[in-house]
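1. sequence and computational prediction follow.
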Amino acid sequence: MPKQKSRPQPKTQPAPTGPRYLCEAEVVTGLKDYATAELLSRFGSSVHPQDKAKPEEIPFYFDGSLSDLGDLTKTAAVYLVQHYPIPRPQALLGHQHFTQLIKLINTVRSMHPAGTFRTFRIAAAGSQSSVFQRIKDEIASTTGLTVNEDEADLMLRVRKADIYRDGWEVLLRLTPRPLAARAWRVCNMEGALNATIASAMIEMTDPRPDDRVFNLMCGSGTLLVERLRRAPADVIGGCDSDAIALRCATDNLVAAGYGKAVDLFEMDIADLPLPDACIDMICADLPWGQLVGSHESNLTLYPKALREAARIAAPGARAVFITHEIRLMERVLRDYADLWTVQQEVKVFQGGLHPRIYLLSKQAT
């Protein structure tokens, strides 16, 4: 019988001077390159990404402070990974392995103020089995945490070894909520853009401190906040025709510390009271025609948006848009090829949908 091809072990790295952790970043499918680039940019030689084919996962060794990973903007969540050379999850109940598991939990709990973690849950194939019920009971008894199967503070994932060749791996999320659940989002609107996607969109525009920025149809302000988190701007503003959305955006901007930095306007996108060629970077989460807007209204809205954006765009200006109306967007871009050049197109995955991000540059007139 032929031998099965085994997967290689994680790459051996030079010994660090302090603790070395094996971590895994969970990312939005389509944004892996941006999340990896942010890791390397922020942490340099302290981070060592490992090869992995899955588009939504980045395993990496980390030599720095785990708490610093909580500041990543293009990663949905970061997990601390521990490998167990065991044949099945039941072996986690053994004294040696369970002691390691509790140590892993205590490592993450020690990163946060007392009382941050009150509940926990386990995500795994067969998580409702009698074996996992025993594991949950032992964790609850040892840590004082309460099981919550819906939404818990402490998130554990148990899976067959994926980074290692064999055995099982336990992944423990470093934060009580995913990193995509921004602390500044005190007002949430249905259909609001995922903040990690917004952060990647902003990165695509090569943000500059002298940019004049305008966010069309700004909604609850996600793109505005993420733009200012990335870099200051000379001037920055946004508009929406919905007064409720603008109040929501104001609340979020204030919570993020940018309440006085952004000018918001209630106005129709088809006739912006802005001078020609006055903006260097334009961004928008265009209505997808599902939770927000309709396909019928988008048929007239999209041409108006791209035409008006071109009017206010300075020569060489950048624009970044996201939409799930792929056919409509591409038709409008063909119609306005004399105004906009498509520089980049990125397919992402969000909530069962596959929207696309378009990076455009203003044609010279």
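-> Everything's here; your move.

2. this protein: helices as residue ranges?
-> Along the chain, the segments classed as helices by DSSP state H run 32-43, 95-109, 130-143, 195-204, 222-230, 243-256, 295-312, 326-335.

3. relative to residue 269, which of the ones you listed is closest?
-> helix 295-312 (5.5 Å; Cβ to Cβ). The C-beta positions use only the backbone N, C-alpha and C, and glycine is treated the same way.

4. any idea how far residue 97 is from residue 167?
-> Noted for residue 167: a distance of 10 Å to residue 97, by Cβ to Cβ, to the nearest Å.

5. of the two, who's got more company?
-> Legend: neighbour count by other Cβ atoms under 10 Å for residue 167 and residue 97, higher for residue 97 (18 against 14).

6. let me see the contact set for that one.
-> 84, 86, 91 (Cβ atoms under 8 Å, 6 or more residues apart in numbering).

7. the closest residue to residue 221 other than its chain neighbours: neighbouring residues, count only.
-> With sequence-adjacent residues excluded and distances taken as Cβ to Cβ, 6 or more residues apart in numbering, residue 221 is closest to residue 249, at 3.3 Å. When counting by other Cβ under 10 Å, one arrives at 26 neighbours for residue 249.

8. can you pull the pLDDT of the residue nearest the centre of the chain?
-> In the chain, the residue lying closest to the centroid (Cα atoms, centre = their mean) is residue 196, at 2.6 Å. Residue 196 carries a pLDDT value of 98.

9. next: the one 10 residues further on.
-> In this prediction, residue 206 carries a pLDDT score of 98.

10. mind checking how far residue 282 is from residue 271?
-> From residue 282 to residue 271 the distance is 16 Å (Cβ to Cβ).

11. actually residue 72, not the one I wrote
-> 40 Å.

12. more neighbours: these two, which one.
-> residue 72 (20 against 9).

13. hang on, the earlier thing: between residue 167 and residue 97, which contacts overlap?
-> 84, 86.

14. low-confidence ranges in the stretch 201-350 of the chain?
-> Within the stretch 201-350 of the chain, the set of residues satisfying pLDDT under 70 comprises 289-293.

15. thought residue 287 was touching residue 297, still the case?
-> Yes: taking Cβ atoms under 8 Å as the definition, residue 297 is a contact partner of residue 287 at 7.4 Å.

16. out of those two, which sits in the more crowded spot?
-> residue 287 (22 against 12).

17. and stretch 216-228, end to end?
-> 16 Å (Cα to Cα, to the nearest Å).

18. ok, the closest residue to residue 90 other than its chain neighbours - contacts?
-> Closest residue in space to residue 90, ignoring its immediate chain neighbours: residue 131 at 4.9 Å, by Cβ to Cβ, 6+ apart. By Cβ under 8 Å, 6+ apart, residue 131 lies in contact with 88-90.

19. now residue 302
-> 286, 323, 325, 328-329, 332.

20. how much space between it and residue 294?
-> 12 Å.

21. and for residue 347?
-> 23 Å.

22. got it, and residue 166?
-> To residue 294, residue 166 is 52 Å away according to Cβ to Cβ.

23. same question for residue 93.
-> 54 Å.

24. can you check residue 322 too?
-> From residue 322 to residue 294 the distance is 18 Å (Cβ to Cβ).

25. those two: which is more packed in?
-> Using other Cβ under 10 Å as the criterion, residue 322 and residue 294 rank with residue 322 on top: 24 against 12.

26. what residues are up against the more buried one?
-> 193, 197, 201, 284-286, 348, 355-358.

27. just the residues you listed now: which is nearest residue 257?
-> Nearest to residue 257 among these: residue 193, at 19.7 Å, using Cβ to Cβ.

28. I figured the closest one hits residue 285, correct?
-> Yes: if you go by Cβ under 8 Å, residue 193 and residue 285 touch, sitting 4.5 Å apart.

29. out of these two, which sits in the more crowded spot?
-> Set residue 193 next to residue 285 and count neighbours by other Cβ under 10 Å: residue 285 wins out with 27 against 20.

30. identify the bridge partners of that one.
-> residue 322 (DSSP bridges).

31. what about it, distance to residue 236?
-> As defined by Cβ to Cβ, residue 285 lies at a distance of 16 Å from residue 236.

32. now swap in residue 312 and tell me
-> 14 Å.

33. common neighbours of those two, please.
-> Common neighbours of residue 312 and residue 236 (Cβ under 8 Å, 6+ apart) are residue 214.

34. got the CA positions of stretch 149-161 in CSV?
-> Only the C-alpha atoms of stretch 149-161 are listed here, as CSV (Å, rounded to 0.1, in the frame of the first residue of the first chain):
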residue,chain,number,x,y,z
GLU,A,149,-22.9,28.6,22.7
ASP,A,150,-24.1,31.8,20.9
GLU,A,151,-21.7,34.7,21.6
ALA,A,152,-18.9,34.3,24.1
ASP,A,153,-16.0,36.3,25.3
LEU,A,154,-13.4,33.6,25.0
MET,A,155,-13.5,31.8,21.7
LEU,A,156,-11.7,28.4,21.3
ARG,A,157,-11.4,26.4,18.1
VAL,A,158,-10.4,22.8,18.0
ARG,A,159,-9.4,21.2,14.8
LYS,A,160,-7.3,18.4,13.3
ALA,A,161,-3.8,19.6,12.8
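
35. report the distance from that stretch to the chain centre.
-> Its chain's average C-alpha position is 19 Å from that of stretch 149-161, according to Cα atoms, centre = their mean, to the nearest Å.

36. if you count neighbours, what's buried in that stretch?
-> Under the neighbour-count criterion of 16 or more other Cβ atoms under 10 Å, stretch 149-161 has 152-158 buried.
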